[in-house]
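[1] quick one: sequence plus predicted model below, questions after.
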Amino acid sequence: MLLSEGISLFLEYCKNQRKFTDKTIQTYSIALKQFFNLLTSELETEPQINEITKDHIKRFASYIFYQKLSKKSIKLKLSSIKSFFKFLYRKEYISEDPSYSISLPKIEKNIPSFLVPEEIEQILTHLKPDNPINARNLALIELLYSTGLRISEALSLKVSDVADFQKTIKVLGKGKKERIVPIGTKAREAIKTYFKFRQMLLNENSQNMLFLSKSGKPLTSTDAYRIINSLLKQYSKTPQKSPHTLRHTFATHMLNNGADIRSVSEMLGHSSLSSTQIYTHVSIQKIKEEYKKAHPKA
């Protein structure tokens, strides 16, 4: 089997059987295309999958390392290659996995940036829902802060997902996994207000999506990043400015106010508790308050 045929089989498997997101499949596809191009260039022909060795993968690792990519990008690309060969081995297309002993770079987890309550309040107060765009932006930010949704999850919501204004919403998360997430009163009220203005944005391109652009098309992640980054620059001192900052803020504020870490993990849609535990490190303010309250010499 030629390398290109193996890649096609793998990507088809990821899409149809594993139900991976488009973003994950794109990450795999880009890395495998780079790997394919490097090998065919070096060998001056397309290799069979059983001809590829550990040395070929090591050369690919060196190639991407010298591109001066971040450790995270290098890890993603090598993980893609390892997943590809693991698939080929498990399906018995190859007798040995040449990537098995290839190590991935270790990445230190950065402490997430988050907004203090005063900053989030400033942003929400600033957005007066007196026109379609402001009403939409307020609804989006209230929703992200109230639920901790990923921006991709929020932008995938349809009108039917929230139209009955229940206290929970069904979300389709990573790996096409569904979860039920509580949604607060203020977020529901902001969405109700936005609904009144949303009619002014509607056209044949709206596709029943909840959040729409000025042109009536579904709001893109690029639009959302621009909107939220602009507001964070104005009203927050946090070093990291993106929609994900609101997700960090949700998790940190929940834990600071006594929420159980397992419940927060479920609301965030984390596959393991270890992903949520990083937020325990950012709750320094809560620790200081408890120390000051309880220690006789504080």
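    Structure's in. What do you need?

[2] need phi/psi at the residue lying closest to residue 182 once chain neighbours are set aside.
    Residue nearest to residue 182 in three dimensions, not counting chain neighbours: residue 168, with 5.4 Å by C-beta to C-beta, 6 or more residues apart in numbering. Using the backbone N, CA and C atoms, a C-beta is placed for each residue, glycine as well. Phi and psi for residue 168, reported as degrees, to the nearest 10, are phi -140, psi 160.

[3] surely residue 168 touches residue 179?
    No: with contacts counted by C-beta atoms under 8 Å, residue 168 stays clear of residue 179, the gap being 9.9 Å.

[4] out of the two, which sits in the more crowded spot?
    Between residue 168 and residue 179, counted using other C-beta atoms under 10 Å, the more crowded position is residue 179 (15 against 11).

[5] that's a strand at that one, yeah?
    Yes: according to DSSP: H, G, I helix; E, B strand; the rest coil, residue 179 belongs to a strand.

[6] so it sits against residue 173, correct?
    Yes: under the criterion of C-beta under 8 Å, residue 179 makes contact with residue 173 at 5.9 Å.

[7] between these two, what contacts are shared?
    Overlap of the contact sets of residue 179 and residue 173 (by C-beta atoms under 8 Å, 6 or more residues apart in numbering) consists of residue 269.

[8] from residue 163, how far off is residue 188?
    Going from residue 188 to residue 163 by C-beta to C-beta, to the nearest Å gives 11 Å.

[9] more neighbours: those two, which one.
    Taking other C-beta under 10 Å, residue 188 and residue 163 do not tie; residue 188 has more neighbours (19 against 11).

[10] any idea how far that one is from residue 165?
    Counting by C-beta to C-beta, the gap from residue 188 to residue 165 is 5 Å.

[11] and what of residue 222?
    Taken as C-beta to C-beta, the span from residue 222 to residue 165 is 29 Å.

[12] show me which of those two is the more surrounded one.
    residue 165 (12 against 8).

[13] wait, the more buried one touches residue 192, no?
    Yes: under the criterion of C-beta under 8 Å, residue 165 makes contact with residue 192 at 6.4 Å.

[14] low-confidence ranges, the stretch 51-200 of the chain, go.
    Within the stretch 51-200 of the chain, the stretches with pLDDT under 70 are 109-110.

[15] if we go to 90?
    67-72, 103-117, 126, 160-180 (pLDDT under 90).

[16] show me where it has its strands.
    168-172, 178-182 (DSSP state E, counting those that start in this stretch).

[17] of these, which stretch is the most buried?
    By mean neighbour count, with neighbours taken as mean count of other C-beta atoms under 10 Å, strand 168-172 ranks first of the strands of the stretch 51-200 of the chain at a mean of 17.

[18] in terms of secondary structure, what does that one contact?
    Under the contact criterion of 3 or more C-beta pairs under 8 Å, 6 or more residues apart in numbering; DSSP states H and E, strand 168-172 touches helix 159-162, strand 178-182.

[19] to residue 218, which of those lies closest?
    Nearest of these to residue 218, taken as C-beta to C-beta: helix 159-162 at 11.3 Å.

[20] how far does the closest one sit from its chain's centre?
    21 Å (C-alpha atoms, centre = their mean, to the nearest Å).

[21] need the residues that contact that helix.
    Contacts with helix 159-162, where a contact means C-beta under 8 Å, 6+ apart, come from 169-170, 183, 191, 208-210.

[22] determine the longest helix present in the chain.
    What stands out as the longest helix in the chain, according to DSSP state H, is helix 22-43.
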